[in-house]
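Q: Pasting the sequence and the predicted coordinates here, then a few questions.
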Amino acid sequence: MTITVAGEKKEYKDGLTLPELIELENVETPEYVTVSINDEFVLTENRDTTVLNEGDSVEFLYFMGGGC
Amino acid sequence: MKTIRMHYRIYDSIVAYAKEHLPEEACGLVAGTEIDGKIEVKKIYYLENKDHATDHFTLDPKDQMEAIKDMRKEGLKPLGNWHSHPESPSRPSVEDIKLAYDSKASYMILSLMAENPVLNSFHIEDGQYEKEDLRIFSDEYYF
């Protein structure tokens, strides 16, 4: 299936789960990343069971903050 | 070392925005293009500092998502984030380093502690930081 990851079209196997995608995409510190699929945030409790579908668009949003 | 170019008008707008938001830290995202290894900042996203603090900033993921959507629509790439240091130098603080989770991002820090603002860009990874080659250019002066 074709999905868009961070703006780039990619081919992955059907039935790919979100945790698998996070691993394949080498997402750093995934615990500090909010995931959106088709502009909807994935709730933490659904993260491990979310399955991606053909045409999905996924974004990884890193926590961004700091001090001075 | 990564070289990043930014037109002076964009730089000026960051400074103006950050000054308007004093004494709070101002923040946002940086978007641009990367063509044949040449990185150029094309657009700055001015996002709310959810902390509304003089010494901290946090971006709201919802604001980040809206900005990312806009970048995709405009064919731009997320390059990193920026924030101001109202009263400290243009270098990552201990907290900035600790909270830099994306090693692919550029972290731009604008210091307003002196009369003349200073903007630098940093790569932060594994608790270490390195200054990037940020070049402010104009139509007459490009390097």
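A: Yep, it's here.
Q: Tell me how far B:Lys19 lies from B:Asp133.
A: 25 Å (CB to CB, to the nearest Å). Backbone N, C-alpha and C define where each C-beta goes, glycine included.
Q: more neighbours, the two?
A: Of the pair B:Lys19 and B:Asp133, B:Lys19 is the one with more neighbours under other CB atoms under 10 Å in any protein chain shown, namely 14 against 11.
Q: hmm, the helix or strand hosting that one in reach of chain A?
A: For B:Lys19, the element it lies in under DSSP states H and E is helix B:8-20. No. Using CB under 8 Å from any CB of the partner chain, helix B:8-20 stays clear of chain A, with a minimum separation of 12.1 Å.
Q: what comes up buried for that helix?
A: B:10-11, B:14-15, B:17-18 (16 or more other CB atoms under 10 Å in any protein chain shown).
Q: ok, now stretch B:34-53?
A: Going by neighbour count (16+ other CB under 10 Å), the buried part of stretch B:34-53 is B:39-49, B:51.
Q: Now do the end-to-end distance for that stretch.
A: 33 Å (CA to CA, to the nearest Å).
Q: Kindly report the same for stretch B:51-59.
A: Start-to-end, stretch B:51-59 (CA to CA) is 8 Å.
Q: who does the helix holding B:Lys19 touch, helix- and strand-wise?
A: strand B:38-47, strand B:106-111, strand B:118-125, strand B:133-137 (3 or more CB pairs under 8 Å, 6 or more residues apart in numbering or on different chains; DSSP states H and E).
Q: rewinding a little: save the buried residues of stretch B:34-53 as JSON lines, and put in pLDDT and distance to A:Glu20 too.
A: Formatted as JSON lines, these follow (pLDDT from 0 to 100; distance: CB to CB, whole Å):
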{"residue": "B:Ile39", "pLDDT": "98", "distance to A:Glu20": "31"}
{"residue": "B:Glu40", "pLDDT": "98", "distance to A:Glu20": "35"}
{"residue": "B:Val41", "pLDDT": "98", "distance to A:Glu20": "34"}
{"residue": "B:Lys42", "pLDDT": "98", "distance to A:Glu20": "33"}
{"residue": "B:Lys43", "pLDDT": "98", "distance to A:Glu20": "33"}
{"residue": "B:Ile44", "pLDDT": "98", "distance to A:Glu20": "35"}
{"residue": "B:Tyr45", "pLDDT": "98", "distance to A:Glu20": "31"}
{"residue": "B:Tyr46", "pLDDT": "98", "distance to A:Glu20": "36"}
{"residue": "B:Leu47", "pLDDT": "98", "distance to A:Glu20": "31"}
{"residue": "B:Glu48", "pLDDT": "98", "distance to A:Glu20": "34"}
{"residue": "B:Asn49", "pLDDT": "98", "distance to A:Glu20": "35"}
{"residue": "B:Asp51", "pLDDT": "97", "distance to A:Glu20": "35"}
